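**Student:** no letters, just coordinates:
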């Protein structure tokens, strides 16, 4: 598999952005990075089954302090 990035982005440098939004992210970050992935489509693989754990009774949970 060959991954080729057609856009060169430097999103790590705060010098590229004059201000930040209310959440602290640089203004324009999303607009700059949106659509930057030029490789194969990303696929989320199956996550498997949840781990089955023993249930605690009331006495066990009180002693965990």
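**Tutor:** Arrived safely, thanks for sending. Note that the coordinates shown come from a computational prediction; the quantities given were computed from them, not determined experimentally.

**Student:** tell me which stretches of the protein form helices.
**Tutor:** 29-33, 58-62 (DSSP state H).

**Student:** mean pLDDT lowest for which of those?
**Tutor:** Ranked on mean pLDDT, the bottom entry among the helices of the chain is helix 58-62, at a mean of 65.

**Student:** one step back: same list, the helices of the chain, but as TSV with distance to residue 21 and mean neighbour count please.
**Tutor:** All C-beta atoms are positioned from the backbone trio N, CA, C, and that covers glycine. As requested, the helices of the chain are arranged in TSV below (distance: least, CB to CB, whole Å; neighbours: other CB atoms under 10 Å):
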stretch	distance to residue 21	mean neighbour count
helix 29-33	8	12
helix 58-62	42	8
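
**Student:** out of those, which gets nearest to residue 19?
**Tutor:** helix 29-33 (11.2 Å; CB to CB).

**Student:** local confidence estimate at residue 14?
**Tutor:** pLDDT at residue 14 comes out at 52.

**Student:** the one 4 residues further on too?
**Tutor:** Residue 18 carries a pLDDT score of 72 in this model.

**Student:** run a quick neighbour tally on it.
**Tutor:** Using other CB atoms under 10 Å, residue 18 is surrounded by 9 other residues.

**Student:** please tell me how far it sits from residue 36.
**Tutor:** 21 Å (CB to CB, to the nearest Å).
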